[in-house]
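Visitor: Quick one: sequence plus predicted model below, questions after.
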Amino acid sequence: MLDRVVVVASEMPTINLELRFKHLERTNRMMMVTLLALSTFVLGLATMAASSAAPRIVEASTFLLKDTKGQIRADLSSNGEATVLRLYNVNGTEAVHLHAGKNGNAIILSDGEGKLRQASLVNDQENSYTIVRAGQDVYKVVDSERGTALTFFDLARNDLVNVGIGKNETTGLNSGGISINDANGITRASMGKEGFATFDAKAKIDWTSFGNDLTPEEKKKVMDLINSVTPSQHP
């Protein structure tokens, strides 16, 4: 009985060492896996931080945007004079044209066939907006320091009706009126607060509200009336 007890007692330390060794191995493996996962996570955060802190910058004088079929649908270009953005229709014709330059800025819109339909222009002297049909201006609004003029055109580009508001060059006061032209662009009638006048085909005064025998002062009023609604007075 004593021998058996001694033998069992002598085997117990060996069993405890093997169990502890296996447990230590499992613990080490778990620590390695945890450490590897933590390292991967930290590396990922560092990469994301570096990417956000230093965004990618692409520099070029011209950019082209193509659709899935390889067709150019937009281009952006710039030089020392102006920067231009153009958008294209499916058929390749120009649809939108944006221009920013030292001499002025513009937005030009075309239809699905690439034909010009609208244009808005801005520079240091004037602002203008034009509607185009069949390649010709239909009506145009021009605003400058001298006043605002609205002009309606026929398809031959003749201005038929003019509506203008601006300062009278003689009095310095705001003045406005309406003039009607013939197919040759000659004013045939003009009306404003200064009065009313009609003209013949040679642009000579036919009748005025001032009477037939005009004094130089009255003739000057007639000319002021015409000038108040003539687009050329509002470039």
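Guide: Alright, I've got the coordinates. Numbers count the residues shown, from 1 in each chain.
Visitor: Please make it C-alpha for all contacts and neighbour counts, starting now.
Guide: Noted.
Visitor: Verify the stated contact: residue 151 with residue 163.
Guide: Yes. Applying C-alpha atoms under 8 Å as the test, residue 151 and residue 163 come out as touching, 6.5 Å apart.
Visitor: just the strands in this structure please.
Guide: Counting by DSSP state E, the chain has these strands, from start to end: 62-66, 72-78, 82-88, 94-101, 104-110, 116-122, 126-133, 136-144, 147-153, 159-167, 174-181, 187-192, 195-199, 205-208.
Visitor: Which strands or helices does the fourth one pack on?
Guide: Using 3 or more C-alpha pairs under 8 Å, 6 or more residues apart in numbering; DSSP states H and E as the contact test, the elements touching strand 94-101 are strand 82-88, strand 104-110.
Visitor: wait, which of those strands is closest to residue 185?
Guide: For the helices and strands packed on strand 94-101, distance to residue 185 was read as C-alpha to C-alpha. The smallest value, 26.9 Å, belongs to strand 104-110.
Visitor: For that closest one, buried residues please.
Guide: Neighbour-count burial for strand 104-110, with 16 or more other C-alpha atoms under 10 Å as criterion, is recorded at 105-110.
Visitor: Could I get the residues you listed in TSV, plus columns for pLDDT and distance to residue 127?
Guide: As requested, those are exported to TSV (pLDDT from 0 to 100; distance: C-alpha to C-alpha, whole Å):
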residue	pLDDT	distance to residue 127
105	95	10
106	95	10
107	94	12
108	94	14
109	94	16
110	94	20
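Visitor: Switch those over to JSON lines; also include distance to residue 198.
Guide: Supplementary listing: the buried residues of strand 104-110 in JSON lines, determined by distance: C-alpha to C-alpha, whole Å:
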{"residue": "105", "distance to residue 198": "39"}
{"residue": "106", "distance to residue 198": "38"}
{"residue": "107", "distance to residue 198": "39"}
{"residue": "108", "distance to residue 198": "38"}
{"residue": "109", "distance to residue 198": "38"}
{"residue": "110", "distance to residue 198": "39"}
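Visitor: before we move on, back to that, so can I have JSON lines of the strands of the chain showing distance to residue 215?
Guide: As requested, the strands of the chain are arranged in JSON lines below (distance: least, C-alpha to C-alpha, whole Å):
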{"stretch": "strand 62-66", "distance to residue 215": "64"}
{"stretch": "strand 72-78", "distance to residue 215": "59"}
{"stretch": "strand 82-88", "distance to residue 215": "53"}
{"stretch": "strand 94-101", "distance to residue 215": "49"}
{"stretch": "strand 104-110", "distance to residue 215": "44"}
{"stretch": "strand 116-122", "distance to residue 215": "41"}
{"stretch": "strand 126-133", "distance to residue 215": "36"}
{"stretch": "strand 136-144", "distance to residue 215": "32"}
{"stretch": "strand 147-153", "distance to residue 215": "28"}
{"stretch": "strand 159-167", "distance to residue 215": "23"}
{"stretch": "strand 174-181", "distance to residue 215": "21"}
{"stretch": "strand 187-192", "distance to residue 215": "18"}
{"stretch": "strand 195-199", "distance to residue 215": "14"}
{"stretch": "strand 205-208", "distance to residue 215": "12"}
